[in-house]
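1. would you be able to build a 3D model of this:
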Amino acid sequence: MKRLWLRPNRLFLQNDHLFMRILLFSKTLLLLFILLASTNALHAQQPEYTISGYVTDSANGEVVIGAIVSAPGTAKGTATNVYGFYSLTLPAGEYTLVCNYFGFAPQKIPVKLSQNVTRDVKLVSASAVTKVVEIVADRNQEQVKSTQTSAISIPVDQIRSIPTIGGETDVIKVMQLMPGVKRGGEGQNAMFVRGGNGDDNLILLDEAVVYNVSHLFGFFSVFNNDALKDVTMYKGGFPAQYGGRISSVMDIRMKDGDQQSFRASGGIGLLSSHLTLQGPIIKDKCSFLLSGRRSYIDRVFKLAYGGRNVLPYYFYDANLKVNYTLSDKDRLFVSGYIGDDVLKASVQNDSGAFFSGGFKLGNFTSTVRWNHVYNAKLFSNISLIHTRFRYDVEASIPGNTFLTKSRIADFGGKADYSYFKDPDHTFRYGMQFTTHIFRPNVVSTSGEISDFLRSDEGKKIYTHEMGFYGNYEAQLDSLWRVAGGMRLSVLISPGKTYVSPEPRASATWNFKENQSLKFSYARMTQYVHLVSSSSVALPTDLWYPVTKAVKPIYSDQVAAGYNFNFRKLKTMITVEGYYKWMQNLIEYREGAVLILNNNYEDELVSGKGRAYGFEFFAQRTEGKLTGWIGYTLSWSTRQFDALNQGKEFFARYDRRHDFSIVGSWEITKRITFAAVWVFSTGQRFTPITGNFLMPNSSLTSVDVLPIYADKNSIQLPSAHRLDVNFVFKSREDRKWMIWQGEWSVGAYNLYNRAQPYKIEVAEDGNGGFKYQAKGLFGFIPSVAYNFKF
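-> Numbering: from 1, shown residues only. Alright, predicted model coming up:
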C-alpha cells in the first residue's frame with residue numbers, strides 16, 4: 001500500500017474507472033452549480049447587496065451557532081453556521097435587521113445596503129421574559145421552514161440540571177432520551193439509532209472522530225460537559241458533508257474560550273471532579289480553554305477498605321483549545337482531547353507478587369481549523385485532523401508475561417465551502433481525505449505461555465477514504481423549499497477499491513405559517529466495523545477495516561415528518577415516520593473467537609436488515625417549565641443466511657416502545673427541580689427451550705446439549721424508572737461576590753425498581769426451570785457541588 005501512494009500515476013492507471021467517476025462527478029456538479037447560478041441571475045430585477053459577519057456572545061466572545069438574522073417585513077432571513085458566520089443578501093435599501101438566539105435579547109441592526117457590508121453582532125443575555133418569547137418563536141419558525149429532517153440540536157447549557165447516574169451531566173445519556181435513540185444495557189452509553197448497531201454512529205468532537213465514547217465500561221461518556229458548547233445529532237436526512245456511518249451523526253463542538261476575561265468553573269461529585277479554565281491570551285483576539293476531569297473511584301475504595309487497592313481503576317479526560325483571530329477574514333483554531341481508562345491490579349501471597357496486570361485504553365484527537373471569508377458570500381473552513389484509539393491489556397505471573405494491543409489511527413484533512421448567493425439559494429461543497437491505520441491483535445508473551453500463545457507483531461492495515469460532496473438548497477416559492485446533493489465516497493483498501501455514490505434529497509412544504517411537512521432521502525456508506533462479543537464496552541473491542549472479504553455497509557433511509565410551532569404553549573412538536581434498508585451488516589458466528597485471531601474475517605457473517613417506525617417529539621425551551629416528551633414506536637429486523645436457519649429475526653435492541661418525559665422547573669431564581677421518567681420494552685434474547693442427550697465421541701458418557709428457539713424471539717420484561725435532581729444556587733445579586741456556587745442533590749431510580757439487565761436460569765420449584773431477569777442498579781443517590789468565578 002505504501003508503494004501505491006508513493007506512485008500515484010500507477011494507482012490511477014490501475015483504477016482508471018475510479019478516476020473517471022470522480023472526474024465525471026466533479027464536472028457534473030460544477031455544471032449544475034453554474035447552470036443554477038446563471039438561471040437565478042436572469043431573474044434578478046434590481047441591485048442586491050450582502051450583509052455578513054459573525055455573531056458572538058458579548059460576555060465572552062464565543063461564536064453563537066444557529067442564531068437567526070432576519071429582515072422583518074421581507075420574510076427573508078438566515079442562520080449562523082457552526083462557526084458563527086452569517087450572510088444575508090437583500091435588495092438595495094434601508095433595513096433594521098434583527099438577530100435572535102435563545103437566552104439572548106434580540107439585537108437590532110440598522111443598515112443601509114448600497115454596497116456589501118460587514119457587520120459583526122454581539123448578543124447580550126436576555127433579562128425580560130417577553131424578549132425570550134420572541135427569540136423562541138423565531139428559532140422554532142426557522143425549524144418549521146428548514147429542509148433538515150431527523151435532527152436534534154441542544155445547547156449544552158440547557159441540559160445541566162437533567163439528572164443522570166452519578167449526578168454528572170452526560171450528553172450521550174441525554175441523547176438516549178430522544179426519540180429514535182435506544183440505549184443499550186442499564187446505565188450504558190451505547191446508542192442504537194433507528195435500528196442500527198452501536199458502531200454505526202459517527203461521533204465528532206471539533207470534527208475529529210471519537211472511536212470510544214465510554215469510561216467505566218460504558219457508564220460514563222468521555223465528554224466533559226464544561227468544555228462543550230453545542231451538540232447536534234442527525235438521525236436521517238443527512239447533510240452531504242457527512243458520511244462514513246449509516247445510523248447517525250453526532251456533531252459536538254467545544255467552547256472556544258473566553259476572549260474578555262479569565263474564568264474558572266468546576267465541580268466535585270461522588271465519583272469524579274472536574275475543573276475548567278478559560279480566558280484571553282490577547283483580549284478580543286486570542287483565547288484559550290483548558291478543561292480536565294478525573295475519577296477517584298480507586299481512592300474511595302482504598303479509603304473504605306483500610307488502604308487496600310480493592311478497585312485500582314480510574315479514568316481521566318483533558319481538553320485544550322486555542323483560537324486566534326488573524327484578521328476580519330481569518331480565524332485559526334487548535335483543539336485537542338486526550339482521555340484514558342486505567343486499571344492496575346496486583347495480588348500477593350506470602351512469597352510476594354503472585355499476579356499483576358491491568359489495562360489502559362483511550363482516545364486522542366487533535367484538530368487545526370482555518371476559517372476564511374473570501375467575500376460577503378463565500379465562506380470556507382480548512383481542517384487538518386488526527387485521531388487515535390488504542391488499548392493495552394497486560395498480565396504477569398511468576399515466569400510468564402502476556403501483553404496484547406490494538407490500535408486505530410486516522411490522519412486526514414477536509415475542505416468545506418459555503419456560497420450564500422441569497423437567502424433563497426445556498427451552495428455547499430467540499431472534500432475530505434483520511435488515511436486509516438489499523439493494527440489489531442498485537443501479542444507479546446514470554447515464559448511457558450508462549451508455547452501455546454506465540455508473540456505476534458500484528459499486521460498493519462492501511463486504507464484510504466475520500467469523500468467529495470456538493471449540495472444546493474433553494475426556496476422555490478412561498479410554500480416549497482428543497483435541497484439536493486450528492487456525496488461520492490471512495491475507499492482504497494488492500495486488494496479492492498470501493499466507490500459509492502450517496503445521493504441526498506429533502507423538501508419542505510410550508511402549507512401554513514407555523515406548520516410544515518418534510519420529506520427526505522439519504523444513502524450512507526460505512527467502511528469500518530466494531531467487532532465485539534459483549535454488550536458491555538470492554539478493552540478488547542476491536543475496530544476492523546473494510547477489505548476485499550469484508551464489504552462496506554450500505555443504508556438507504558426515507559423519512560417524512562410533520563412540524564408544528566405551537567406558539568401558545570411555546571412548544572415545537574415534531575412527528576416523523578421512517579423506513580430504512582441496511583446491507584452487508586456484520587455479525588459473528590455462534591462460538592466465534594474474535595480476540596487474538598488474525599483470521600477474524602472467517603468468523604464473521606454478512607446479512608441485511610430493516611428498520612421502520614414513528615417518532616413523536618414535543619419540546620419547550622422557554623419559560624420556568626422546560627423540557628420535552630419523546631415517544632418511539634419501532635421495529636428492527638435482521639436476516640443472515642448463516643444464522644437462524646436463514647429466517648428473518650428481530651435485532652437484539654428491537655424495543656417496540658420507548659417513552660421519555662424530561663422536565664426542568666425553575667421554582668425560584670435559586671432553586672431548580674428536574675426529573676426524568678423513562679419507559680421501554682425489554683431487549684431481546686435467544687431462549688433455551690429444552691435439552692437433549694447425545695453420547696460423546698468416545699462413547700464413555702453423555703453430553704447434555706441445549707435446544708434453542710428462534711434467535712432473539714423473547715423479550716426481557718419492560719422497565720421504567722424515575723430520576724430526580726434539585727439544584728440550589730448561591731445568591732447572584734451581590735455584585736461584590738466573585739464566587740458563585742450551586743449544590744446538586746438527586747437520585748437515580750428513585751423508587752428502586754429493578755431494570756432488567758441479564759437473564760439467569762433458575763429452578764421453578766416443580767422440577768423444571770425458569771428464566772429470571774436480574775437488575776443491575778437500584779436506588780442511587782448523588783450529590784455534587786459546582787462552582788464558577
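
2. going forward, measure contacts between C-alpha atoms and count neighbours the same way
-> Noted.

3. helices of the stretch 301-450 of the chain, start to end?
-> Read by DSSP state H, counting those that start in this stretch, the stretch 301-450 of the chain holds no helices at all.

4. where along it do the strands fall?
-> Along the stretch 301-450 of the chain, counting by DSSP state E, counting those that start in this stretch, strands occupy 313-325, 330-349, 352-373, 378-397, 400-422, 425-446.

5. for this structure, give me the ranges with low pLDDT.
-> The chain contains residues with pLDDT under 70 at 1-46, 127-138, 187, 349-353, 532-541, 590-600, 732-737, 767.

6. who touches the most centrally placed residue in it in this structure?
-> Nearest residue to the geometric centre of the chain (CA atoms, centre = their mean): residue 250, 2.8 Å. The neighbourhood of residue 250, defined by CA atoms under 8 Å, 6 or more residues apart in numbering, consists of 201, 202, 203, 204, 231, 232, 233, 234.

7. from those residues, which is closest to residue 430?
-> residue 204 (17.7 Å; CA to CA).

8. from residue 449, how far out is that closest one?
-> Remark: distance between residue 204 and residue 449 (CA to CA, to the nearest Å) = 41 Å.

9. then residue 249?
-> Using CA to CA, residue 249 is found at 43 Å from residue 449.

10. tell me the buried residues in stretch 464-472?
-> Across stretch 464-472, burial judged by 16 or more other CA atoms under 10 Å covers 464, 465, 466, 467, 468, 469, 470, 471, 472.

11. which residues does the second one form a beta bridge with?
-> Right, residue 465. When bridges are called by DSSP bridges, residue 465 pairs up with residue 434, residue 491.

12. that one and residue 437 touch, don't they?
-> No. Assessed by CA atoms under 8 Å, residue 465 is found out of contact with residue 437, at 11.1 Å.

13. ranges for the helices of this protein?
-> Remark: helices assigned in the chain by DSSP state H are 2-6, 8-14, 16-42, 129-145, 171-175, 297-304.

14. which residues touch residue 440?
-> So residue 440 contacts 405, 406, 407, 408, 458, 459, 460, 542, 543, 544, 598 (CA under 8 Å, 6+ apart).

15. between which two of those residues is the distance greatest?
-> Within the contacts of residue 440, 408 and 598 form the most distant pair, 15.2 Å apart (CA to CA).

16. now do the contacts for residue 52.
-> Counting by CA under 8 Å, 6+ apart, residue 52 has contacts 85, 86, 87, 88, 117, 118, 119, 120, 376, 377.

17. let's see it at 10 Å
-> The contact partners of residue 52, by CA atoms under 10 Å, 6 or more residues apart in numbering, come to 69, 80, 85-89, 116-121, 373, 375-377, 420.

18. quick check: closest non-adjacent residue to it.
-> The spatially closest residue to residue 52, leaving aside those adjacent along the chain, is residue 87, at 4.2 Å (CA to CA, 6 or more residues apart in numbering).

19. re earlier: mind checking which of the contacts of residue 440 are buried?
-> The neighbour count (16+ other CA under 10 Å) marks 405, 406, 407, 408, 458, 542, 543, 544 as buried among the contacts of residue 440.

20. out of residue 204 and residue 449, which sits in the more crowded spot?
-> Taking neighbours as other CA atoms under 10 Å, residue 204 and residue 449 compare with residue 204 leading, 17 against 14.

21. is that one in contact with residue 253, as I believe?
-> Yes. Counting by CA atoms under 10 Å, residue 204 does reach residue 253; the two are 8.2 Å apart.

22. anything in contact with each of the two?
-> residue 231.

23. re earlier: tabulate the buried ones among the contacts of residue 440 (CSV), appending distance to residue 717.
-> Shown next, in CSV, are the buried ones among the contacts of residue 440 (distance: CA to CA, whole Å):
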residue, distance to residue 717
405, 38
406, 37
407, 38
408, 38
458, 43
542, 31
543, 32
544, 34
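
24. and these, which is closest to residue 194?
-> Checking the buried ones among the contacts of residue 440 against residue 194 with CA to CA, the nearest one is residue 543 at 21.8 Å.

25. give the burial count for residue 697, as a bare number.
-> 9.

26. and the gap between it and residue 703?
-> Here residue 697 is placed at a distance of 10 Å from residue 703 (CA to CA).

27. repeat for residue 422
-> Taking CA to CA, one finds residue 422 at 75 Å from residue 703.

28. again with residue 402
-> Here residue 402 is placed at a distance of 34 Å from residue 703 (CA to CA).

29. these two: which is more packed in?
-> Neighbours around residue 402 and residue 703, counted as other CA under 10 Å, are more numerous at residue 402. The numbers are 20 against 13.

30. how much space separates the nearest residue to residue 704 once chain neighbours are set aside from residue 711?
-> Setting aside the residues directly before and after it, residue 704 is nearest to residue 693 in space (CA to CA, 6+ apart), at 4.9 Å. To residue 711, residue 693 is 22 Å away according to CA to CA.

31. try residue 400
-> According to CA to CA, residue 400 stands 41 Å off from residue 711.

32. those two: who's more crowded?
-> Between residue 400 and residue 711, counting by other CA under 10 Å, residue 711 is the more crowded of the two (19 against 14).

33. what residues are up against that one?
-> Residue 711 is in contact with 643-645, 647-652, 684-687, counting by CA under 10 Å, 6+ apart.

34. may I see the ChimeraX selection of the buried members of those residues?
-> Selection command for ChimeraX covering only the buried members of these, criterion 16+ other CA under 10 Å:
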select :643,644,648,649,650,651,652,684,685,687
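
35. can you tell me which of the contacts of residue 711 end up in strands?
-> Members of the contacts of residue 711 lying in strands (criterion: DSSP state E): 649, 650, 684, 685.

36. residue 448 reaches residue 401, doesn't it?
-> Yes. At 9.1 Å, residue 448 counts as touching residue 401 under the criterion of CA under 10 Å.

37. tell me which of those two has more neighbours.
-> residue 401 (19 against 11).

38. chain neighbours aside, what residue packs nearest to residue 562?
-> Closest to residue 562 by CA to CA, 6+ apart is residue 517, at 4.7 Å.

39. same question for residue 162.
-> Nearest residue to residue 162 in three dimensions, chain neighbours excluded: residue 674, at 5.8 Å (CA to CA, 6+ apart).

40. just give the number of residues close to that neighbour.
-> Number of residues near residue 674 (other CA under 10 Å) recorded here: 23.

41. what's the spacing between it and residue 613?
-> 29 Å.

42. try residue 205
-> Plainly put, residue 205 is 29 Å away from residue 613 if you go by CA to CA.

43. got it, and residue 628?
-> 20 Å.

44. the nearest residue to residue 531 once chain neighbours are set aside and residue 451, how far apart?
-> Among residues not flanking residue 531 along the chain, residue 542 sits closest, at 5.3 Å (CA to CA, 6+ apart). Shown here: residue 542 relative to residue 451, a distance of 25 Å by CA to CA.

45. ChimeraX command to pick out the buried ones of the contacts of residue 52?
-> The ChimeraX command for the buried members of the contacts of residue 52 (criterion: 16+ other CA under 10 Å) is given here:
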select :69,80,85,86,87,88,89,116,117,120,121,373,376,377,420
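
46. which of the contacts of residue 52 fall in strands?
-> Counting by DSSP E, the contacts of residue 52 place 69, 85, 86, 87, 88, 89, 117, 118, 121, 373, 420 in strands.

47. turn those residues into CSV, columns for distance to residue 241.
-> Listed next are these as CSV, based on distance: CA to CA, whole Å:
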residue, distance to residue 241
69, 24
85, 17
86, 19
87, 20
88, 22
89, 24
117, 29
118, 27
121, 27
373, 19
420, 16
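
48. can you pull out the strands in the stretch 151-300 of the chain?
-> Here the stretch 151-300 of the chain has its strands, by DSSP E, counting those that start in this stretch, at 151-155, 181-183, 191-193, 201-205, 208-209, 214-215, 220-221, 228-234, 248-254, 263-268, 272-282, 286-295.
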